[in-house]
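**Q** Prediction below, plus the sequence it came from.
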Number of protein chains: 2
Amino acid sequence: MENIGQSYWESIHPIEDYSWGGLEETFSSHYDSSSPDGPHSATVSKNLASERNRRKRLNDRLFALRAVVPNITKMDKASIIKDAIEYIQILHDQERMIQSELIELESRNLEPESLDLCQNSEFFKSIERSKNKRGVNQAFDPIEILELNVSHVGEKTVLVNLKCSKRRDTIVKLCEMFESLKLNIITASISAFSQSLFNTLFIQAEKEEIGILKMQIETAISALNHLQTPITM
Amino acid sequence: MENIGQSYWESIHPIEDYSWGGLEETFSSHYDSSSPDGPHSATVSKNLASERNRRKRLNDRLFALRAVVPNITKMDKASIIKDAIEYIQILHDQERMIQSELIELESRNLEPESLDLCQNSEFFKSIERSKNKRGVNQAFDPIEILELNVSHVGEKTVLVNLKCSKRRDTIVKLCEMFESLKLNIITASISAFSQSLFNTLFIQAEKEEIGILKMQIETAISALNHLQTPITM
DNA sequence: CCGTACACGTGATAC
DNA sequence: TGTATCACGTGTACG
C-alpha cells in the first residue's frame, strides 16, 4: 500500500493502513447518463487524483504555517490558523512599538540624513498602514519531544540524546531546564538544524540512574510546557 | 438532486463578497428525527452537525487569516496559507532589520543619556520579559568574550564563531541574546567543554552585513553585562 | 471538454 | 461512553 493520504496528523498519530479503494472503483450505477463507464471512469479517476493532491497541498501548507508560527497550543487545523492570526497581530504590535521607539531614538539623534533614511524605508511604510487590535500576548511555545534516548557509554558516564522541535525560545528553555536539573555535565552540545533541535549531553552518573534521568528530563520538559498561559479566545 | 447546503451560517458570515464558489442553497430538512433506527440515526445526525460546524470554523479562521495578511493575490485556501507564511517571514526579516538599525543607532551615540534610552528599548524589554518568567533576579556573572570571529563562507552565508567563558547561566543568556537578535539562523551549535563555551552559527546574510553582525553581537553581550542591576519588572 | 477548487456526508480514529 | 478531528471519495460550479 502506498499510503497516499498520509499526512502529518496521521504521521503523528499513525493509523492502520486500511484499504480505502474498495467499492468506489467499480461503482458506476447512480442514475448516470447514457455514457458507458469508459470515459466517465477516467474522469472520475482524474478528479480523484487531483483532489488528493489538493488535500496534500493544503496540509503541507498548514504544516509549514505551523512551523513558522510559535505559540502553537494545539495541533488542530483551526487552532493552527488561529495561532497564526494571533501571532501576526503580535508581530504588528511589536513592530509598531519598535518603530516608534526607533523614531524616538532618531529624533534625539539630530542627523537628518538617517531620519530620512528611516522614514523612506519600506518597513516604515508598511508600519504606517498596520493597525493594532490587541495587547501583546506573551508568546510561549511548548517543547515537543521528538526523540529522547539515554544510554550508558562508560563506567560512570551517561549519554543523553534529545531531539525536539525548534520553536521560539526553545533553546533558552531547554538550557534553563538542564541547568536547573543540577546534573554533573561533562560536555553539552546543542545543535539547531532546520526546524529541529539536537542535544547531546555527557553526564557523570551511575548506571542505575539512567531511568531516573530520562524521567527527570521528560517531566521537566512537560512541567515547562504546563507553565504556559491559557489563551482563551 | 439533494443539495443539502449549508446556509444558516452563511447568513451569519460577515464577509459577503466572496465565498469560494461553493454551493450554498437553502437548508432542506433532510434527516428525519422520527427514524425507526433511533440511536444510530441520532449519532449520525450529531456527527453531521459537528462536521458542519468544524468546516465552518475552519473557513472562518481562514477568512480571518486572509483579513490580517495584506497582498493576498489569489483567494485559494492554499494560497492564503502560503501568503500568510511568506508574510510572517517578511515580518521576521523586517524585525531583524529594525533591530540592526536600532543597534547601529545605539552605537552611534555613545553618550550616557542614550545608554539609558537603550536600556529602555524593546530589545532589552524582550530580554527582561523572557527572563521574568521565573522571577530570578540574582546577580549573574558577566559574559567574557574570549574570541569572536565573523567570516563570510558563501554567497549569502555568514559564519559566526564565538568563544566565551562558561559560567552560571551563560548558555541561557547567550541563547536569549541570539534569539532576540532575530537573525536568519541556518544552523546553530553550542558546545560546552570544560570552562569554555563554543558557539558556531551559520546565518543567512549579505556580505556587507558582517560588520554590523559582529557589532550586534558584541554590543548585545556587553549590554547584557550592563543590565545586571535592575531586572525587577 | 478539461482542470481546478470547493462543500458535502461518511467512516474511522483518538481522547 | 460520547465527542472531538480527520481523510476520503463524490458531485458540482466556474473558467
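**A** Perfect, thanks for sending it. Numbering: from 1, shown residues only, chains lettered A, B, ... in the order given.

**Q** can we go C-alpha only for contacts and neighbour counts from here?
**A** OK.

**Q** now the strands: where do they sit in chain A?
**A** A:145-152, A:157-165, A:185-193, A:196-204 (DSSP state E).

**Q** The third one to strand B:196-204, inter-axis angle?
**A** When you say that, I think you mean strand A:185-193. 0 degrees (axes from the mean of the first three to the mean of the last three Cα atoms, to 10 degrees).

**Q** for the first one, same thing?
**A** Here the directions of strand A:145-152 and strand B:196-204 differ by 150 degrees (the same axes, to 10 degrees).

**Q** Taking their axis directions, strand A:145-152 and strand A:157-165 sit at what angle?
**A** 170 degrees.

**Q** counting contacts, what elements does strand A:145-152 pack onto?
**A** strand A:157-165, helix A:210-225 (3 or more Cα pairs under 8 Å, 6 or more residues apart in numbering or on different chains; DSSP states H and E).

**Q** which parts of it are buried?
**A** Residues of strand A:145-152 classed as buried: A:150, A:151, A:152 (neighbour count, 16 or more other Cα atoms under 10 Å in any protein chain shown).

**Q** what's the closest of the residues you listed to DNA strand C?
**A** residue A:150 (24.0 Å; Cα to the nearest atom of the strand).

**Q** Can you tell me how far the nearest residue to the closest one once chain neighbours are set aside is from DNA strand C?
**A** Using Cα to Cα, 6 or more residues apart in numbering or on different chains and skipping the chain neighbours, the partner closest in space to residue A:150 is residue A:160 (4.6 Å). From residue A:160 over to DNA strand C the distance is 26 Å, taken as Cα to the nearest atom of the strand, to the nearest Å.

**Q** does residue A:160 really touch residue A:153, like I thought?
**A** No: counting by Cα atoms under 8 Å, residue A:160 sits too far from residue A:153 to count as a contact (9.9 Å).

**Q** where does the nearest residue to residue A:171 once chain neighbours are set aside land on pLDDT?
**A** Using Cα to Cα, 6+ apart and skipping the chain neighbours, the partner closest in space to residue A:171 is residue B:175 (6.5 Å). Note for residue B:175: predicted pLDDT of 88.

**Q** for residue A:82, same thing?
**A** At residue A:82, pLDDT is 91.

**Q** For it, which non-adjacent residue is closest in space?
**A** According to Cα to Cα, 6+ apart, the nearest residue to residue A:82 is residue B:61 (6.3 Å).

**Q** got CSV for the strands of chain A, with mean pLDDT too?
**A** Shown next, in CSV, are the strands of chain A (pLDDT from 0 to 100):
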stretch, mean pLDDT
strand A:145-152, 81
strand A:157-165, 86
strand A:185-193, 86
strand A:196-204, 87
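
**Q** Please, where are all the helices along chain A?
**A** For chain A, the helices defined by DSSP state H occupy A:8-12, A:37-68, A:77-108, A:112-119, A:122-128, A:170-180, A:210-225.

**Q** low-scoring stretches of chain A, by residue?
**A** A:1-40, A:99, A:102, A:104-141, A:222, A:224-233 (pLDDT under 70).

**Q** now do 50
**A** For chain A, the stretches with pLDDT under 50 are A:1-8, A:12-35, A:114-115, A:123, A:126-139, A:227-233.

**Q** circling back: so which of the strands of chain A is nearest residue B:199?
**A** strand A:185-193 (9.4 Å; Cα to Cα).

**Q** now could you export just the CA positions of the closest one as CSV?
**A** C-alpha atoms of strand A:185-193 as CSV (Å, rounded to 0.1, in the frame of the first residue of the first chain):
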residue,chain,number,x,y,z
ILE,A,185,27.5,17.7,32.9
ILE,A,186,30.8,16.9,31.4
THR,A,187,30.1,18.2,27.9
ALA,A,188,27.0,19.5,26.3
SER,A,189,26.2,20.3,22.7
ILE,A,190,23.1,21.8,21.2
SER,A,191,22.7,22.0,17.5
ALA,A,192,19.9,23.6,15.7
PHE,A,193,19.2,22.5,12.2
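
**Q** Could you list the residues in contact with that strand?
**A** With contacts defined as Cα atoms under 8 Å, 6 or more residues apart in numbering or on different chains, strand A:185-193 is touched by A:166, A:197-204, B:186-194.

**Q** which one of residue A:160 and residue A:153 has more residues nearby?
**A** Comparing residue A:160 with residue A:153 by other Cα atoms under 10 Å in any protein chain shown, the one with more neighbours is residue A:160, at 21 against 12.

**Q** Please name the residues that touch that one.
**A** A:148, A:149, A:150, A:151, A:199, A:200, A:201, A:202, A:203.

**Q** Kindly state the beta-bridge partners for the first one.
**A** For residue A:148, the beta-bridge partners are residue A:162 (DSSP bridges).

**Q** ditto for the last one
**A** With DSSP bridges applied, the residues forming beta bridges to residue A:203 are residue A:158, residue A:185.

**Q** what about it, neighbour count?
**A** Neighbour count of residue A:203, defined by other Cα under 10 Å: 19.

**Q** What's the separation between it and chain B?
**A** 12 Å (Cα to the nearest Cα, to the nearest Å).

**Q** The first one now?
**A** Relative to chain B, residue A:148 is positioned 19 Å away (Cα to the nearest Cα).

**Q** contacting residues for that residue?
**A** A:160, A:161, A:162, A:163, A:214 are the contacts of residue A:148 under Cα under 8 Å, 6+ apart.

**Q** could the residues you listed go into a markdown table alongside distance to residue B:40?
**A** Below are the contacts of residue A:148 laid out as a markdown table (distance: Cα to Cα, whole Å):
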| residue | distance to residue B:40 |
| --- | --- |
| A:160 | 51 |
| A:161 | 49 |
| A:162 | 47 |
| A:163 | 45 |
| A:214 | 46 |
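
**Q** Return the member of those nearest to DNA strand C.
**A** DNA strand C lies nearest to residue A:163 out of the contacts of residue A:148, by Cα to the nearest atom of the strand, at 19.9 Å.

**Q** picking that back up, are any of the contacts of strand A:185-193 buried, and which?
**A** A:166, A:197-204, B:187-192.
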